[in-house]
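1. sequence plus the predicted model coming up.
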Amino acid sequence: MIKSTFGERLDAFIHRAFPFLFVGRLDPNMLTVCGALVSLGAAVAFAQGRFGWAGFLILFGGFFDLVDGVVARHHGISTRFGAFLDSTLDRFVDCVLLVGISVYYAGQGEAGVVALTGATLVSIVLVSYSKARAELVVEKFEVGLLERGERIGILAAAAVFDFIELALWIILVGSVITVWQRFALAYREMERLDLADRAPDVPEDRPIELGGPTP
């Protein structure tokens with residue numbers, strides 16, 4: 001939602017705030033991989049109970065995720081594989097962060113928080129999967145209360161200010177609402193397309209008859 005809402009304004013801000021990114025010709029795919037590796041470090045920090053470090057690393061990894069597409073567009077080197085890599089590693093980061101949290105709370109004997117983390121993980125996977133499947137059929141599919149940018153921001157803040165359990169509840173509820181929104185939109189749009197497919201074809205050169213039969 002953050003990227004779709006701000007769009008080109010976000011690109012312009014990144015150009016102004018981080019001009020060093022555009023001096024040379026950075027490989028955007030390498031930026032994507034670097035961001036995933038940094039976020040993997042955040043997951044390790046979570047597992048060790050170092051929540052402050054985890055929050056910092058989440059934000060640092062998010063920086064790479066934010067700028068990789070801007071760098072690619074700036075140099076005119078956006079590729080289908082780059083988009084695939086970015087999306088796939090985003091899912092990896094989403095999962096590994098929550099696994100790190102589960103490892104920590106499992107070690108503390110907090111079975112309830114582990115279960116909450118597992119439910120949150122399932123919900124965010126459904127958020128991304130529902131959109132990916134819908135976009136195979138529906139051309140424009142932008143809907144959702146809580147998308148990845150918001151989830152990462154909430155989790156980073158929770159790590160820094162120590163409200164992980166509350167953040168997990170927020171992400172779980174927001175993700176469930178987002179999945180419901182996407183199911184509702186997918187149903188409406190796919191029903192519309194199915195009705196259009198079932199409509200009888202009328203040849204374009206067939207004249208339209210008005211009124212009753214000619215005597």
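-> In hand now; what should we look at? Not measured: the values here are computed from a predicted model.
2. C-alpha only now, for contacts and for neighbours.
-> OK.
3. pLDDT below threshold where in this structure?
-> Along the chain, the parts satisfying pLDDT under 70 run over 1-8, 200-215.
4. in it, which residue is most central in space?
-> Nearest to the geometric centre of the chain sits residue 148, at 3.8 Å (C-alpha atoms, centre = their mean).
5. distance of that residue relative to residue 192?
-> To residue 192, residue 148 is 28 Å away according to C-alpha to C-alpha, to the nearest Å.
6. coming back round to it: how much space separates the residue nearest to the centre of the chain from residue 30?
-> Distance from residue 148 to residue 30, counting by C-alpha to C-alpha: 21 Å.
7. same check on residue 123?
-> Distance check for residue 123 against residue 30: by C-alpha to C-alpha, it reads 29 Å.
8. quick one: contacts for residue 54?
-> If a contact means C-alpha atoms under 8 Å, 6 or more residues apart in numbering, then residue 54 has 41, 42, 43, 44, 45, 46, 156, 159, 160 as its contacts.
9. which residues does the fifth one contact?
-> When you say that, I think you mean residue 45. 51, 53, 54, 100.
10. go again using 6 Å as the cut-off
-> Contact partners of residue 45, counting by C-alpha atoms under 6 Å, 6 or more residues apart in numbering, are residue 54.
11. now the element after the helix or strand where it lies, going C-ward?
-> Following DSSP states H and E, one finds residue 45 within helix 28-47. The helix or strand immediately downstream of helix 28-47 is helix 51-75, counting by DSSP H and E.
12. distance from the chain centre to that following helix, please.
-> Centre-to-centre, helix 51-75 and its host chain are 14 Å apart (C-alpha atoms, centre = their mean, to the nearest Å).
13. tell me what angle that helix forms with helix 28-47.
-> Relative orientation of helix 51-75 with respect to helix 28-47: 170 degrees, computed using axes from the mean of the first three to the mean of the last three C-alpha atoms, to 10 degrees.
14. this structure: helices as residue ranges?
-> 2-6, 8-17, 28-47, 51-75, 80-107, 111-134, 148-161, 164-198 (DSSP state H).
15. just put these in TSV and tack on distance to residue 141.
-> As requested, the helices of the chain are exported to TSV (distance: least, C-alpha to C-alpha, whole Å):
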stretch	distance to residue 141
helix 2-6	11
helix 8-17	19
helix 28-47	24
helix 51-75	20
helix 80-107	16
helix 111-134	7
helix 148-161	15
helix 164-198	8
